[in-house]
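In: just to be clear, the model below is a prediction. Sequence and coordinates:
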Amino acid sequence: ICPAGQPCSGRCTRGVETCTEFLTWSDCYGAVAPEDERCDGVDNDCDTEYDEGIVGCDSPVICPDSFRAAPMSWVTLDGGSIFPGSYDSWNWRLICPVTVDPCPAPEDPSARDTRVFLISSGTYRAVATIVVGTNTYTCGFYILAQGGGLRVELNWDTRGSAHGDTDVDLHLHQWGATSEFFGSPQDCYYANCKASSCCWGGSPEVDWGLPATTDLTACQDAPHGEGEEWVAYGSCLNPRLDVDVIYCETGVTDPTSYDFCAPENINVDNPPLFQPMRIMVNYYSAHGFSGTTNATVNVYCGGALRGTFGPQPLVYGSSYGESNDNWLVADVMFYTGRCGELDCEIVPLVDGSGGGLVQRGASFGPPWSTFTHAP
């Protein structure tokens with residue numbers, strides 16, 4: 001789609017194929033391929049020119065090229081640079097990747113200049129529809145929400161008031177000691193790794209020896225009030241749980257609302273090399289729901305989606321937390337690639353039949369995985 005080793009031109013973007021838990025390649029997600037040129041102010045065929053060769057084309061609309069943004073951040077939709085003239089009506093809409101549900105809406109869809117909060121990683125398409133008299137113009141462009149380091153996102157199908165409103169939690173275990181999940185400083189989760197739970201005594205309860213991220217843009221917009229707490233703390237800790245969903249309302253599209261069904265996510269902005277971390281998902285509470293919940297985990301390394309796991313069926317037990325199903329998802333380890341880039345190796349954890357490894361109790365599970373990359 002794009003020249004190897006060179007940036008993409010125009011609307012084109014590279015995609016990502018991921019290795020699934022079944023050790024097969026997924027479909028290619030996020031790729032935007034060249035198309036025939038159209039009279040819309042966009043470089044559709046990705047040759048660095050726009051609207052070329054179209055007889056009679058005199059579109060007043062100039063669409064921006066694709067661009068990158070950090071996940072969990074506000075992105076400006078600058079309509080004034082697309083069409084600076086007078087107009088009768090304006091409408092913005094956002095088309096989300098398949099991994100993002102619910103899809104957030106722009107803050108003011110009818111304003112020429114507005115913004116949208118991209119809470120999850122992925123490739124989004126922003127579309128502006130502009131009515132000027134009897135003419136209607138459309139401008140669409142792509143936004144690639146990509147972070148750095150390690151980012152793990154958790155979604156599940158019984159999240160939200162219309163689907164059961166269950167509570168499923170994301171955990172990340174530190175390298176080294178194979179201590180139990182729940183309650184140890186080697187386990188980053190809701191009780192000790194959120195801005196509102198990290199530092200009751202002043203110092204972080206979870207201290208893995210990693211420097212904090214001083215650039216607050218990495219965490220200041222975390223929803224449910226956590227961003228404000230990180231700002232008050234003065235830095236973004238590593239690791240950290242930016243989103244913990246307990247209850248949420250189906251149909252809410254404002255990603256800044258306490259009722260928005262956000263994905264849970266844990267971030268390590270500066271992961272150490274050759275030190276494994278273990279991803280675990282706990283079915284914490286059914287909240288009265290009767291049935292199976294299905295969880296999905298996306299793992300991003302250096303901004304690229306490197307692994308998708310699930311949907312994994314989980315069953316509620318008899319009490320809160322560890323006595324219910326605990327899904328040991330995968331071990332992930334970072335290393336330096338051949339070109340000097342930060343990369344990761346992910347080893348899925350599977351049961352004897354090759355399916356997802358689910359257990360009851362707080363046990364760490366099997367020993368650390370064996371990786372092919374070494375110092």
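Out: Yep, that arrived.

In: and the closest residue in space to residue 211 that isn't next to it in sequence, how many residues sit next to it?
Out: Sequence neighbours aside, residue 270 is the residue nearest to residue 211 in space, at 6.5 Å (criterion: CB to CB, 6 or more residues apart in numbering). C-beta coordinates here come from the backbone N, C-alpha and C atoms, glycine included. By other CB atoms under 10 Å, the residues close to residue 270 number 15.

In: in three-state terms, label residue 270 for me.
Out: Three-state assignment for residue 270 (DSSP: H, G, I helix; E, B strand; the rest coil): coil.

In: now do residue 139
Out: Assigned with three-state DSSP, residue 139 falls in the strand class.

In: rewinding a little: contacting residues for the residue nearest to residue 211?
Out: The contact partners of residue 270, by CB atoms under 8 Å, 6 or more residues apart in numbering, come to 149, 210-211, 213, 238.

In: how about those in CSV, adding pLDDT?
Out: Putting the contacts of residue 270 into CSV (pLDDT from 0 to 100) gives the following:
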residue, pLDDT
149, 94
210, 97
211, 96
213, 96
238, 97
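
In: what is the burial count for the residue nearest to residue 246 when sequence neighbours are not counted?
Out: In space, and not counting its chain neighbours, residue 246 is closest to residue 167: 5.2 Å by CB to CB, 6+ apart. For residue 167, the count of nearby residues is 26 (other CB under 10 Å).

In: how near is residue 167 to residue 328?
Out: With distances taken as CB to CB, to the nearest Å, residue 167 is found 19 Å from residue 328.

In: same check, this time on residue 81
Out: Counting by CB to CB, the gap from residue 81 to residue 328 is 48 Å.

In: more crowded one of the two?
Out: residue 328 (24 against 13).

In: what secondary structure does the more buried one sit in?
Out: When classified by three-state DSSP, residue 328 comes out as strand.

In: now do the same end-to-end measure for stretch 94-114.
Out: 12 Å (CA to CA, to the nearest Å).

In: avg pLDDT for it?
Out: Mean pLDDT, computed over stretch 94-114, is 92.

In: what about it, distance to the chain center?
Out: Remark: stretch 94-114 is offset 15 Å from the chain centroid, using CA atoms, centre = their mean, to the nearest Å.

In: in strands only, show me the contacts of residue 270.
Out: Among the contacts of residue 270, no member falls in strands (DSSP state E).

In: which of those residues fall within helices?
Out: Among the contacts of residue 270, the subset assigned to helices under DSSP state H is empty.

In: what's the most distant pair in those residues?
Out: Spatial extent of the contacts of residue 270 (CB to CB) is set by the pair 149 and 211 at 12.0 Å.

In: which neighbours do those two share?
Out: 238, 270.

In: between these two, who's got more neighbours?
Out: Higher neighbour count among residue 149 and residue 211: residue 149, with 21 against 10, using other CB under 10 Å.

In: ok, now which ones touch that one?
Out: 238, 267-271, 301-302, 342.

In: closest to residue 118 among these?
Out: Residue 118 lies nearest to residue 267 out of the contacts of residue 149, by CB to CB, at 14.7 Å.

In: out of the contacts of residue 149, who's nearest residue 196?
Out: Using CB to CB, residue 267 is the member of the contacts of residue 149 that lies nearest residue 196, at 15.9 Å.

In: I'd guessed the closest one sits against residue 240; true?
Out: Yes - using CB atoms under 8 Å, residue 267 makes contact with residue 240 at a distance of 5.8 Å.

In: common neighbours of the two, please.
Out: residue 219.

In: neighbour count for these two, which is higher?
Out: The residue with more neighbours, out of residue 267 and residue 240, is residue 267; 30 against 27, by other CB under 10 Å.

In: and the closest residue to that one other than its chain neighbours, what helix or strand is that in?
Out: Distance criterion CB to CB, 6+ apart; nearest residue to residue 267, sequence neighbours excluded, is residue 151 at 5.2 Å. In the assignment (DSSP states H and E), residue 151 maps to strand 150-156.

In: what stretches of the stretch 1-150 of the chain score poorly on pLDDT?
Out: 1-11, 16-26, 29-30, 40-42, 47-50, 52-53, 56 (pLDDT under 70).

In: could you pull out the helices for the stretch 101-250 of the chain?
Out: 226-233 (DSSP state H, counting those that start in this stretch).

In: mind jotting down where the strands sit in it?
Out: 113-118, 122-132, 135-145, 150-156, 167-173, 187-188, 240-243 (DSSP state E, counting those that start in this stretch).

In: for residue 310, which of those strands is the nearest?
Out: Checking these against residue 310 by CB to CB gives strand 150-156 as the closest, at 8.5 Å.

In: packing partners of that closest one?
Out: strand 167-173, strand 264-268, strand 277-285, strand 293-301 (3 or more CB pairs under 8 Å, 6 or more residues apart in numbering; DSSP states H and E).

In: helices or strands up against the shortest one?
Out: The criterion is 3+ CB pairs under 8 Å, 6+ apart, and the helices and strands that strand 264-268 contacts are strand 150-156, strand 167-173, strand 240-243.
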